[in-house]
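Colleague: Please work out how this folds:
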Amino acid sequence: MAKIDLSTHYLGMNLKNPIVLSASPLSRDLGNIKKMEDAGASAVVMYSLFEEQITHEAMELYHHTSYHSDTHAEALSYFPEQSSYVLGPEEYLEHLHNIKKSVNIPVIGSLNGCTDGGWTKYAKLIEEAGADAIELNMYMLATDMNTTSADIENIYVETLRSVKANIGIPVAMKLSPYISALANFAKRLDNEGVDGLVLFNRFYQPDIDLENLEVVPNVLLSNSQSMRLPLRWIAILYGKLNASLAATSGVNTAEDVIKLTMTGASVTQLFAALHKYGIDHIKKVLADIEKWMVEHEYESLKMMRGSMSHRSVANPGAFERANYMKALNSFK
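Modeller: The predicted model follows:
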């Protein structure tokens, strides 16, 4: 059998395999990124630069971000007090620049903005620091009862349009799974020229401390069950968009990567598995993928990509409401 080809194409970049580090605290350390490159990772998404951190001198905004009842997608604690900030835009951009000088794999910047000007200004700075692409980490909770679903979608679209007009590198958008008509919305972003969609942003939910009567963050790392949500939607969207599709949340094993590739993912982003098992877990995942492919006579990921997507399976209803009814009726 010919040599196994794990290469893939994402955001206009040719990657040696589909294993990409998700935006996470692991990328705060250059040593970690070098280890991930040595272990076989094909690209890295940096932890997010939060616009609130940059503009925290605005006291009203500071108040809302410091005492908000939710945490951001990859944040492991609430925002610190103003005096505790150590990674502003200069440090972030310098860190990104140092990573680019130190590794040979693509580096994708991550931006979590909150204003029109912030998105465009800091996206441009991330590009100038050397990022190969940028991931817009869209975190929005529509708690205002006067805000409609159309309002939220328009914010996404306008943000994309503004950023694309101001930078020349590829742009991916990390989406919420709570969009009411996700297929239509994905097509709308695709029509605006988004280069990739990352499914999905994982919102860490707050908890209640009953002893101190406080709302507190509570981080629960994902497992392979969490992978089923992006699996379903990547399967539904594959072949209907020009944008690349990336899966994140719940990618722990080679089997997870294979399933997501079969539904149509170009790359799979890992964090929780590396946090639990160590960076060398990348080597095991890649080795297990190759072993499975040899046993099942696949020569490349390209051969399997999309083979289990909505448009390719004999029963596409399995990804829709019919599967919901079947699952309930078959449960004992």
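Colleague: ok, residues contacting the helix or strand A150 falls within?
Modeller: Using DSSP states H and E, A150 falls within helix 149-166. Contact with helix 149-166 is made by 113, 116, 119-120, 123-124, 134, 136, 138, 140, 142, 171, 173, 175, 179-180, 185, 188-189, 192-194, as judged by Cβ atoms under 8 Å, 6 or more residues apart in numbering. Bear in mind the C-beta positions are built from the backbone N, C-alpha and C, glycine included.
Colleague: hmm, try it at 10 Å
Modeller: Residues from elsewhere that reach helix 149-166, judged by Cβ atoms under 10 Å, 6 or more residues apart in numbering: 111, 113, 115-124, 127, 134, 136, 138, 140-142, 144, 147-148, 170-171, 173, 175-176, 178-181, 184-185, 188-189, 191-195.
Colleague: for stretch 17-35, what is the average pLDDT?
Modeller: Here stretch 17-35 scores 96 as its mean pLDDT.
Colleague: And stretch 276-283, what's buried?
Modeller: Buried residues in stretch 276-283, counted by 16 or more other Cβ atoms under 10 Å: I279, H281, I282.
Colleague: where along the stretch 101-250 of the chain do the helices fall?
Modeller: Taking DSSP state H, counting those that start in this stretch as the test, the helices found in the stretch 101-250 of the chain are 116-128, 149-166, 182-191, 228-237.
Colleague: Just the endpoints, please. Distance across stretch 286-303?
Modeller: Length of stretch 286-303, first residue to last, Cα to Cα, to the nearest Å: 17 Å.
Colleague: export stretch 13-25 as PDB, just CAs?
Modeller: Output in PDB follows, covering the C-alpha atoms of stretch 13-25 (Å, rounded to 0.1, in the frame of the first residue of the first chain):
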ATOM      1  CA  MET A  13      -2.900  26.700   3.500                       C
ATOM      2  CA  ASN A  14      -1.600  23.200   2.800                       C
ATOM      3  CA  LEU A  15      -1.200  21.400   6.200                       C
ATOM      4  CA  LYS A  16       0.700  18.200   6.800                       C
ATOM      5  CA  ASN A  17      -2.200  16.700   8.800                       C
ATOM      6  CA  PRO A  18      -5.600  17.800  10.400                       C
ATOM      7  CA  ILE A  19      -4.300  18.200  14.000                       C
ATOM      8  CA  VAL A  20      -4.400  21.900  15.000                       C
ATOM      9  CA  LEU A  21      -4.100  23.400  18.500                       C
ATOM     10  CA  SER A  22      -7.300  25.100  19.400                       C
ATOM     11  CA  ALA A  23      -7.200  28.600  21.000                       C
ATOM     12  CA  SER A  24      -6.200  27.900  24.500                       C
ATOM     13  CA  PRO A  25      -3.800  28.800  27.400                       C
END
